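*Asks:* Okay, predicted coordinates and the sequence, questions at the end:
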Amino acid sequence: MFMKILKTMIKEEWRIHANIFGNLMFAFFPLLIGIGTFVVALFMPYLETILTVKQMLLLAHYLFLLIGVGIGAFGLFAREFMNRRFGQASLIAYSSRTLPVSERTIFFNFIIKDVIYYLMLWIIPIILGFVLATPFISINTISAIFACGTLILSFLIGLSIVFFLSTIYAHSSKILAALLLLAAIGTLVAMRYYIINITMLLPSYSMFYQPSLRKIIISLSLILLPSAISLIFLKVDYPEKKKQYQNNLNPLTDKLKFSKYSYYVAKDFLDMSRSEGGVGKIIFSFLFPIVLTWIFLYIFFEKIPTINIIMIFAIFLGIVSSSIYNMLTEFETFNSYMFLPVSVSTVIRSKITSYMLINIISLIILIITAIGTNQLIYFIPALCSFVTISLYSLAMTIYFMGLHPTILLYNAKIFSQYMLSVAPILFIFTIISIINPFVLLASPILLLPAIFIIKNSYKKWDSWEPLSF
Amino acid sequence: MKNVVEMNNLTKKFGDLVAVNNISISIGEGELFGLLGPNGSGKTTMIKMLTGQIKPTQGTVDVLGLDVLKNPVKVRELVGIIPEQESPPSFLTAEEYLEFVGKIRKIDNINEKSDQWFKMLDFEDQRKMLCRNLSRGTRQKLMVAQAFLHEPRLAFIDEPLINLDPIVQRTLKDFIQDYIKKGNTIFFCTHILEIAEDICTQIGIIDKGRLLHNGPIQELKDKSQNLEDFFIKLVKEEG
């Protein structure tokens, strides 16, 4: 039964994407990721002037951990996670209503299916691209293959830890807050007195240098135990059928009167607060990775004087903040608006407004980190970089993917266009931030093409026939 | 009588599939036009083209004197639409949803109008529930309410009676007849032939994208022909 459901879910996921942009474009996606990684890996010898191979490996392990963290909030989204991916149309996701299969079983299959998809679409292609590049960059292929194994472990650890935390959150946000607070205090104290070493904190990474049975067991336990506990205590959120809600649309709209799209923005905020996970969505898909990145950057780059942490953080924050737009587009499809006097561009404009408002959180984080690290001198260039990267990548997301970023990203053609437009800018910003951060004071000039691209996107998406999933 | 809907050689293709094939129909003001057809015959595609939700592959459409291809949003501003699938946003309550539609349509006395609909369709006790927690029937009621909230002169209603209980069906049927008496126009897609026969003034029969019949219902009544027999015979012969 389990394998049958899993196989059908994998087929269904494939068809969702393949129906929209064709089998070939979807199948091409992992190939593209592999080629991209291969090309980037060829440049590794040049990167060695800034980072050692050991530092790069550490960076890669934490990056894979972060990717896992970013997609691990299954427990939190539960039913909605399936709903937004498959919609009401999925007979498999909803078969617990008509067939003798529990929702927990269906959801377990869904998680496994998603892990397989992420591994096939992202993780394995990245690893293969890297391994294939090793003969050209004088890195031992055997070591590279071993590193791939430990990188996969890092990804799975990140995924399972957040799955665990999000399951706790689904039961009680207070318990989670207390746990995180304790963990934060514990980590700070331990680091203050050098009880733990960040470079050896991640067992998958330390295993690469000092492999041992104990570390394999620790790594596997970190993956299997939290996942098993999460599955046992998984809270499949059944909506309270009879629950009545106060009318909050009007008061919220009044507060947002400054915007032409006040009622759309108010609706976005209500969507976020009332859907499964509520505020937890922002915490797990946005704040948690940001905080983790900050801790990592702070500890990792502190020892490299050439690298300005606040600048790197601002660039990272800019790119991560663009994920807020993706989240905002996932509560509904344009089908809810098709029969109303609303154009696609109006909905996109309203999402941009919501995006800007939520991004105030990112701005506050940037201010706090600048103050906290005594790097106020770099605050203005960091702010310029953050705003520019954030809006530029948003413009590209809107231009290439409109209101369907999480679906259309897996179209190989669209993905390559997006990456080719965003990656060089990120690279240039990173290099400039190392050479002279103050040059980035001029970065807002990039906002002009960003605005131009957004305006063109309105025309583009208004003339498109809405996609139906 | 002025025509409020004019379509000429309207065609829609999805790849190799011809969903609507070269159809020309005019609908005068005050008509209740019933578009009948088997499942997948092209009725919904036609409504979507007439209201600017999708573009025709070929042909022209004018609604209330406006070229739909050039003014899709303006057309949707003037008309009311009940879509085939009820899809209000999940996380607004029924009451908030009607307010949201009211804001989009710039309706002034929205609360008053919403109240009327909650009472008329008998779902006042569910107005504070999230749309996603409503039954399909109640969501359909909400779709009916949003379509007529701004009192449009012309409405496109796609299977409006589906999922509704007999009492509400009757209320809605009465409302539609009153609405027509006031000089408004309705484009009505349905499978329920008895209701079409009962209330429509003009009927069109469509199958596999082709228009098989278009004319006043009175013509059939004059010939003492039963709509159901006529429909089945026509679809079987032409199909």
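*Replies:* It's in. The shown structure was predicted, so the numbers you read here are calculated from the model rather than taken from an experiment.

*Asks:* Can you give me the neighbour number for residue 201?
*Replies:* In the absence of a named chain, chain A is used. A count of neighbours around A:L201, defined by other CB atoms under 10 Å in any protein chain shown, yields 14. No exception for glycine: its C-beta is placed from N, CA and C like everyone else's.

*Asks:* Let me rephrase: I mean chain B.
*Replies:* 17.

*Asks:* show me the contacts for it.
*Replies:* Taking CB atoms under 8 Å, 6 or more residues apart in numbering or on different chains, we find B:T201 in contact with B:E31, B:L32, B:F33, B:I180, B:P216, B:I217, B:Q218.

*Asks:* If we use 6 Å, what do you get?
*Replies:* B:T201 makes contacts with B:E31, B:L32, as judged by CB atoms under 6 Å, 6 or more residues apart in numbering or on different chains.

*Asks:* From chain A, how far off is it?
*Replies:* Distance of B:T201 to chain A, given as CB to the nearest CB, to the nearest Å: 24 Å.

*Asks:* what's the burial count for B:N214?
*Replies:* Residues within reach of B:N214, counting by other CB under 10 Å, total 17.

*Asks:* Tell me which residues of the host helix or strand of it come out buried.
*Replies:* Using DSSP states H and E, the element containing B:N214 is strand B:210-216. Judged by neighbour count using 16 or more other CB atoms under 10 Å in any protein chain shown, the buried positions of strand B:210-216 are B:R210, B:L211, B:L212, B:H213, B:N214.

*Asks:* Name the next helix or strand following that strand along the chain.
*Replies:* For strand B:210-216, the following helix or strand on the C-terminal side (DSSP H and E) is helix B:217-222.

*Asks:* Does A:L252 touch A:A266 like I think?
*Replies:* Yes - between A:L252 and A:A266 there is a contact at 3.7 Å, judged by CB atoms under 6 Å.

*Asks:* Which one's more surrounded, these two?
*Replies:* Shown here are A:L252 and A:A266; by other CB under 10 Å, A:A266 has more neighbours (27 against 19).

*Asks:* Restricting to C-alpha, output the helix or strand encompassing the more buried one in PDB.
*Replies:* Assigned by DSSP H and E, A:A266 belongs to helix A:262-274. Output in PDB follows, covering the C-alpha atoms of helix A:262-274 (Å, rounded to 0.1, in the frame of the first residue of the first chain):
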ATOM      1  CA  SER A 262      -5.200  48.000   1.000                       C
ATOM      2  CA  TYR A 263      -7.900  45.300   0.800                       C
ATOM      3  CA  TYR A 264      -5.700  42.900  -1.100                       C
ATOM      4  CA  VAL A 265      -2.900  43.400   1.400                       C
ATOM      5  CA  ALA A 266      -5.300  43.000   4.300                       C
ATOM      6  CA  LYS A 267      -6.400  39.700   2.700                       C
ATOM      7  CA  ASP A 268      -2.800  38.600   2.300                       C
ATOM      8  CA  PHE A 269      -2.200  39.200   6.000                       C
ATOM      9  CA  LEU A 270      -5.400  37.300   7.000                       C
ATOM     10  CA  ASP A 271      -4.400  34.500   4.700                       C
ATOM     11  CA  MET A 272      -1.000  34.300   6.500                       C
ATOM     12  CA  SER A 273      -2.400  34.500  10.000                       C
ATOM     13  CA  ARG A 274      -5.400  32.100   9.500                       C
END
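
*Asks:* Report the buried residues of it.
*Replies:* A:S262, A:Y263, A:Y264, A:V265, A:A266, A:K267, A:D268, A:F269, A:L270, A:D271, A:M272, A:R274.

*Asks:* and chain B, which of the residues you listed reach it?
*Replies:* Taking CB under 6 Å from any CB of the partner chain as the test, chain B is in contact with A:Y263, A:L270, A:D271, A:R274 out of those.

*Asks:* As a markdown table, those with pLDDT would be great.
*Replies:* As requested, those are arranged in a markdown table below (pLDDT from 0 to 100):
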| residue | pLDDT |
| --- | --- |
| A:Y263 | 96 |
| A:L270 | 92 |
| A:D271 | 88 |
| A:R274 | 83 |
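
*Asks:* closest to A:K54 among those?
*Replies:* Nearest to A:K54 among these is A:D271, at 44.9 Å by CB to CB.

*Asks:* distance of the closest residue to that closest one other than its chain neighbours from A:Y264?
*Replies:* Nearest residue to A:D271, sequence neighbours excluded (CB to CB, 6 or more residues apart in numbering or on different chains): A:F331, at 4.1 Å. Using CB to CB, to the nearest Å, A:F331 is found at 12 Å from A:Y264.

*Asks:* Would you point out the most distant pair within the ones next to chain B among the buried residues of helix A:262-274?
*Replies:* Greatest spacing in those, by CB to CB: A:Y263 and A:R274 (15.8 Å).

*Asks:* can you pull the contacts of residue 205?
*Replies:* Unless you meant another one, I'm taking chain A. With contact taken as CB under 6 Å, 6+ apart, A:Y205 is in contact with A:H61.

*Asks:* sorry, should have said chain B
*Replies:* Residues counted as contacts of B:I205 (CB under 6 Å, 6+ apart) are B:L36, B:L212, B:H213, B:L234.

*Asks:* quick check, nearest of those residues to A:L426?
*Replies:* B:L36 (57.5 Å).

*Asks:* okay, now the closest one: neighbour count?
*Replies:* Applying other CB under 10 Å, we find 27 residues neighbouring B:L36.

*Asks:* Same question for A:I451.
*Replies:* A:I451 is flanked by 13 other residues according to other CB under 10 Å.

*Asks:* How many residues are close by B:Q218?
*Replies:* 10.

*Asks:* swap in A:N374?
*Replies:* Using other CB under 10 Å, the number of residues around A:N374 comes to 8.

*Asks:* Please settle this for me: is it part of a strand?
*Replies:* No - under DSSP: H, G, I helix; E, B strand; the rest coil, A:N374 sits outside any strand and is assigned coil.

*Asks:* Now B:G42, what are its backbone angles?
*Replies:* phi 120, psi 10 (degrees, to the nearest 10).

*Asks:* list the contacts for it?
*Replies:* Counted by CB under 6 Å, 6+ apart, B:G42 has contacts B:A19, B:V20, B:I206, B:G209.

*Asks:* Show me the two of those that sit farthest apart.
*Replies:* B:A19 and B:I206 (10.2 Å).

*Asks:* Between the two, tell me which one has more neighbours.
*Replies:* Using other CB under 10 Å, the more surrounded residue of B:A19 and B:I206 is B:I206, with 25 against 21.

*Asks:* doesn't B:G37 make contact with the more buried one?
*Replies:* Yes - with contact defined as CB under 6 Å, B:I206 reaches B:G37; the gap is 4.0 Å.

*Asks:* so how far is chain B from A:F427?
*Replies:* 39 Å.

*Asks:* Around that residue, how many other residues sit close by?
*Replies:* Neighbours of A:F427 using other CB under 10 Å come to 12.

*Asks:* Near chain B, which residues of chain A are found?
*Replies:* Residues of chain A lying close to chain B by CB under 6 Å from any CB are A:239, A:241, A:244-245, A:247, A:249, A:263, A:270-271, A:274-275, A:332, A:335-336, A:338-341, A:343, A:465.

*Asks:* Put the buried members of those residues into a ChimeraX selection.
*Replies:* Only the buried entries of the residues of chain A next to chain B go into this ChimeraX selection, using 16+ other CB under 10 Å:
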select /A:245,249,263,270,271,274,275,332,335,336,338,339,340,341,343
